[in-house]
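1. Compute the structure for the input listed below.
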Amino acid sequence: MNILKNIPLNAKILIYRLGIVLLLLTVIRILFYSFNLGSFKEALLSDFFIGAWFDLITISLFFFPFIISSLIPFNGKGLVVKDRVMNLYFHVTSTLLYALNLMDIEYFKYTTKRSTFDLFAILSAGSDFKQLLLSFITDFWVLLMFLGFILVIHFKFFKWTRKFQEKFKSSVQNWKVSILFMLLLTSIFIITGRGGLQLKPVGIIEAAQYTRTENSALILNTGFTMIKSYGKERLEFKTYFSAKEELKIFNPIQISSPQHILPDGTNVVLIILESFGNEFVGQFNGCDTYTPFLDSIIQQSLTFDYGFANGKKSIEAVPAILGSIPSLMDNPYISSPYGNNKIESLATILGKNGYSSGFYHGATNGSMRFDGFAAQAGFQHYFGRYEYNNDEHFDKTWGILDEYFNPWSAKQMSKLKEPFFGTLFTLSSHHPYFIPKKWRNKVKKGKQLIASSINYGDLSLRKFFEEAKKQPWYENTLFVLCADHTPASTNAFYNQRSMMYRVPIIFYHPKQLLHAKRENTIFQQLDILPTVLDLLNIKTKYYSYGQSYYKKADREAIAYLEGTHYYFRGNYMLTFSNEKARNLYSFKVHQVSPVDSLSFKKSEVKLYEKRLKAIIQRYNRDLMTNKTTAL
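-> Below is the predicted model of the structure:
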């Protein structure tokens, strides 16, 4: 009670005013829920409390100037102008937050997600904004009525707080106490604005960690999704083709074709190998190898001479491999304004077919937001550094060392109910390439610092399989091994755009039910999801920018970097930027400077450009309208 009595009056006024904003945002969330009951059939009371937490984060971000101004312990007459400006800021910001959230009550029905900043690009794409605004006012006048009602309450409550403000102006301040509370509350609001003390501030994608994936939009608020997506890469609608013509060229909605090669109910273990580019894998580079164990697996597996990553970052690899969705923009999909879109990943689809699932990554929880994406992608369990719970094996920089986390993960997978889908993402071959002291004189060294780290990662991979062989599920498991991306290289050959995406992609079954074969063809990360579905005999419709190995079609791969799309097909790589094909190189010619065939391979250029444009057109539209599922 003494603490409450000592709270300065200006701090109390601030709490009162922000409190009414929080209350009214909660009222709007209840309206949002009531108008969209069909989308939130599994909503819980806890979702509304979590929603209030996201509202507090939003309030801390939007009102921070107002907060600082209100906490300044000066009450002289010279600050009248400041108060008027800040009060205007408070009312305008509050009205904006109320309006944005009320707008989404109806707009959610069309996008099934909270609006992000790319909404303004959508509104201005080929339509008359004034007409859209008039139509919105005409059709959804009831929302304007709600806004008016909300504002009446807002201003009445604010008027009530004015009497306290007048009292504050005439009061004598205890400067020490006032400054102490200013510093304390400022710190609290900064921490709240971050969403806590975790590694990175809470983003849109983290919502899936706090609730069911389908309820993410309920706990989020539109002000939050707007500010978190502001300044980030926004896509544009493309109109290269009519909708009918586009569909003939490219359609990401596909139907699986069960192959009945493996028994029904086969487990799946996907191992994503950090930075294991072909440059360091003996089976692909024809030179000394840093991956003897992986080489031995390749010799017993279905693998591809032209395996391609769909990006250059780990954060781009995860949605490509698990969700068959590339990052064809400057911002990785996970951290883009579209990172909270509905997707159907391998975990989601397999979950619908009786599979349990777990994602294993030894880094500190929150790293690259993998835990948030795992929750959104439908994984039932996430295991990171905190779940491992033994920092004696922490490398002091990145996470738990692979030699310990890998076999631990194999043991943990035995706790999943079969059939299961386990994904292990290794980390020790990530910069700064830390190697424990006991291994430093044993690992193979190379010209590049990462070489010995790759070798350490390979012996850690061996430890995973040694432990996995002891588990009862091992012989009934399909293992898929794939690098997330290639590492930085000092080798001119591997630094070429035609080589910088080349990674091993391997399908291995302990009983050799998948016959060992080296395919002289293209296979990209995006192809993993459809291929696994075919191998598991799951008949389903799915959404994918890749294609199954078992589908009779021309093999292709796609990547994007700094404004340029790279399209691989046949023997060639097409570069496409600023709406124009720029180059056509053979990626099968092993030389540093291949000949540009753009001018004399016109039929290939025309065919590849047409296909690529259809992919880009569909990709942009589906991400902007949240249509990235087969439903």
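2. Chain neighbours aside, what residue packs nearest to residue 107?
-> residue 115 (6.0 Å; C-beta to C-beta, 6 or more residues apart in numbering). Quick note: C-beta positions are derived from backbone N, CA and C, even for glycine.
3. give me every residue that touches that neighbour.
-> 100, 103-104, 107, 222, 225-226 (C-beta atoms under 8 Å, 6 or more residues apart in numbering).
4. now do residue 574
-> Counted by C-beta under 8 Å, 6+ apart, residue 574 has contacts 566-568, 581, 583-584, 604-605, 608-609, 612.
5. Please repeat the previous calculation with a cut-off of 7 Å.
-> 567, 581, 584, 605, 608-609, 612 (C-beta atoms under 7 Å, 6 or more residues apart in numbering).
6. which two of the residues you listed lie the greatest distance from each other?
-> 584 and 612 (11.9 Å; C-beta to C-beta).
7. Could I get the contacts of residue 574 in a markdown table, plus columns for secondary structure, distance to residue 552 and neighbour count?
-> Below are the contacts of residue 574 laid out as a markdown table (DSSP: H, G, I helix; E, B strand; the rest coil; distance: C-beta to C-beta, whole Å; neighbours: other C-beta atoms under 10 Å):
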| residue | secondary structure | distance to residue 552 | neighbour count |
| --- | --- | --- | --- |
| 567 | strand | 20 | 23 |
| 581 | strand | 27 | 19 |
| 584 | strand | 25 | 24 |
| 605 | helix | 24 | 19 |
| 608 | helix | 19 | 23 |
| 609 | helix | 23 | 18 |
| 612 | helix | 21 | 23 |
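8. for these, which one is nearest residue 462?
-> Minimum distance to residue 462 across these is 36.5 Å, recorded for residue 567 (C-beta to C-beta).
9. Would you confirm that that closest one contacts residue 558?
-> Yes. Using C-beta atoms under 7 Å as the test, residue 567 is close enough to residue 558 to be in contact (5.5 Å).
10. Show the contacting residues for the spatially closest residue to residue 516 that is not a sequence neighbour.
-> Spatial nearest neighbour of residue 516, excluding adjacent residues (C-beta to C-beta, 6+ apart): residue 300 at 5.2 Å. By C-beta under 7 Å, 6+ apart, the contact set of residue 300 is 508, 512, 516.
11. just these now: which is nearest residue 495?
-> Once C-beta to C-beta is applied, the member of the contacts of residue 300 that ends up nearest residue 495 is residue 508, at 29.7 Å.
12. ok, back up a step: which of the contacts of residue 300 tops the neighbour count?
-> residue 508 (22 neighbours; other C-beta atoms under 10 Å).
13. That one contacts residue 301, correct?
-> Yes. Residue 508 is within contact range of residue 301, at 4.1 Å (criterion: C-beta under 7 Å).
14. Overlap of the contact sets of these two?
-> Common neighbours of residue 508 and residue 301 (C-beta under 7 Å, 6+ apart) are residue 514.
15. Tell me if residue 434 really is in a strand.
-> No. Using DSSP: H, G, I helix; E, B strand; the rest coil, the secondary structure at residue 434 is coil, not a strand.
16. Let me see the confidence value for it.
-> Predicted confidence (pLDDT) for residue 434: 89.
17. What of residue 268?
-> 98.
18. Over to residue 23?
-> Residue 23 carries a pLDDT score of 96 in this model.
19. Can you classify it by secondary structure?
-> helix.
20. what's near enough to touch it?
-> No contacts exist for residue 23 under C-beta under 7 Å, 6+ apart.
21. And for residue 493?
-> 499, 592 are the contacts of residue 493 under C-beta under 7 Å, 6+ apart.
22. Phi and psi next, for it.
-> Phi and psi for residue 493, reported as degrees, to the nearest 10, are phi -70, psi -50.
23. Mind listing what's buried along stretch 444-459?
-> 444, 446, 448, 450-459 (16 or more other C-beta atoms under 10 Å).
24. In a markdown table: these, plus secondary structure.
-> Formatted as a markdown table, these follow (three-state DSSP):
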| residue | secondary structure |
| --- | --- |
| 444 | coil |
| 446 | coil |
| 448 | coil |
| 450 | helix |
| 451 | helix |
| 452 | helix |
| 453 | helix |
| 454 | helix |
| 455 | helix |
| 456 | helix |
| 457 | helix |
| 458 | helix |
| 459 | helix |
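25. Need the max-distance pair from the residues you listed.
-> So, the buried residues of stretch 444-459 by C-beta to C-beta: farthest apart are 448 and 459, at 18.0 Å.
26. which stretches of the stretch 101-250 of the chain form helices?
-> For the stretch 101-250 of the chain, the helices defined by DSSP state H, counting those that start in this stretch occupy 119-123, 129-139, 141-169, 175-194, 216-219, 222-229, 243-249.
27. for the stretch 451-600 of the chain, same thing?
-> 528-535.
28. where along it do the strands fall?
-> In the stretch 451-600 of the chain, the strands defined using DSSP state E, counting those that start in this stretch lie at 477-483, 505-508, 517-524, 541-543, 556-561, 564-569, 572-577, 580-586.
29. which one is residue 199 nearest to, not counting chain neighbours?
-> residue 366 (4.4 Å).
30. Wait, residue 343 touches residue 627, no?
-> No. Counting by C-beta under 7 Å, residue 343 does not reach residue 627; the two are 10.7 Å apart.
31. Please say which of the two ends up with more neighbours.
-> More neighbours surround residue 343 than the other of residue 343 and residue 627, with 23 against 18 (other C-beta under 10 Å).
32. Using the three-state scheme, assign the more buried one.
-> coil.
33. Same question for the one 4 residues further on.
-> For residue 347, the reduced secondary structure class is helix; criterion used: three-state DSSP.
34. Would you mind measuring from it to residue 322?
-> Plainly put, residue 347 is 7 Å away from residue 322 if you go by C-beta to C-beta, to the nearest Å.
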